[in-house]
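Novice: Generate coordinates for the sequence data below:
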Amino acid sequence: MLHPTVRLIVWSALAVLVQWLPLGALSLICVAALAAAVWLAPARLAQLLKRTRWLMLALMLIFALATPGMYLLPALGGISPTEEGMWLGFEHLLRLLFVLSSLAALLHLTGPEGLVAGLHGLIWPLSWAGLDRRRMALRLMLVLHYAEQAPPGRHWREWLQGAAESGEPRRFVLQVAPLHAIDFAVLAGLTFSAAALIGSQS
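Specialist: Alright, predicted model coming up:
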């Protein structure tokens, strides 16, 4: 299993690199990500899709109505969606679906503790500026813990106050593991792949 920091780096890189993929390759990778998310984390994927449904609709409408091209409904004139706009909106919708589905799979495979450990590794350069990244990571772990334990619809101030009033001691352990050979191999492969993809587009 990859180090949590490497998982976050790979996911972030894929979310950026997917912007350069042509429609055919984009469709394939989006279907693969959706299938993985449905298999691994269907509930989390459904929650992410529900929360972004209006964003998806707005995305399609903006591109369909604001992109010049051939009118699909000529009788409507300037307020008609265009064929080019529909295709462009569909392409951006696939990119958004890939990001959401891959995020659902990442959160399922990594978990809150792994996510915090990954962010702890990502902010390592900030320690040169005097930032206590261990303290920041533990605070994030505390927030994630109470966010998961809080009943739905409860305000964050209420569950923090409730936790303080309970007086129960809580111990959080930040699990920090070193990178292994497979992690360095994946990072090297990702770097070369990104360079090749960007070079082919220039």
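Novice: CA only for contacts and neighbour counts going forward, please
Specialist: Fine.
Novice: CA-only coordinates of stretch 188-197 in PDB, if you can.
Specialist: Output of stretch 188-197 as PDB, limited to C-alpha atoms (Å, rounded to 0.1, in the frame of the first residue of the first chain):
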ATOM      1  CA  ALA A 188       9.300   9.100 -10.200                       C
ATOM      2  CA  GLY A 189       6.900   7.500 -12.700                       C
ATOM      3  CA  LEU A 190       4.300  10.200 -12.000                       C
ATOM      4  CA  THR A 191       6.900  12.900 -12.700                       C
ATOM      5  CA  PHE A 192       8.000  11.400 -16.000                       C
ATOM      6  CA  SER A 193       4.400  10.900 -17.100                       C
ATOM      7  CA  ALA A 194       3.500  14.400 -16.200                       C
ATOM      8  CA  ALA A 195       6.500  15.800 -18.100                       C
ATOM      9  CA  ALA A 196       5.700  13.600 -21.200                       C
ATOM     10  CA  LEU A 197       2.000  14.600 -21.200                       C
END
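Novice: Show me how far that stretch is from its chain's centre.
Specialist: Mean-position distance between stretch 188-197 and its chain equals 20 Å (Cα atoms, centre = their mean, to the nearest Å).
Novice: Give the buried residues for that stretch.
Specialist: Under the neighbour-count criterion of 16 or more other Cα atoms under 10 Å, stretch 188-197 has 190, 194 buried.
Novice: do the same with stretch 98-116
Specialist: Neighbour counts over stretch 98-116 (16+ other Cα under 10 Å) mark 98-110, 112-116 as buried.
Novice: Could you tell me which of these belong to helices?
Specialist: The helices, defined by DSSP state H, take in 98-110, 112-116 from those.
Novice: This protein: helices as residue ranges?
Specialist: For the chain, the helices defined by DSSP H cover 4-17, 23-40, 42-51, 53-66, 83-122, 133-149, 156-166, 181-201.
Novice: angle of the first one against helix 181-201?
Specialist: So the one you mean is helix 4-17. Counting by axes from the mean of the first three to the mean of the last three Cα atoms, to 10 degrees, helix 4-17 lies at 10 degrees to helix 181-201.
Novice: Helix 83-122 and helix 4-17, what's the angle between them?
Specialist: With the same axes, to 10 degrees applied, the angle from helix 4-17 to helix 83-122 works out at 160 degrees.
Novice: helices and strands around helix 4-17, which ones?
Specialist: helix 83-122, helix 181-201 (3 or more Cα pairs under 8 Å, 6 or more residues apart in numbering; DSSP states H and E).
Novice: Tabulate those helices (CSV), appending distance to Trp128 and mean pLDDT.
Specialist: Formatted as CSV, the helices and strands packed on helix 4-17 follow (distance: least, Cα to Cα, whole Å; pLDDT from 0 to 100):
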stretch, distance to Trp128, mean pLDDT
helix 83-122, 13, 89
helix 181-201, 22, 82
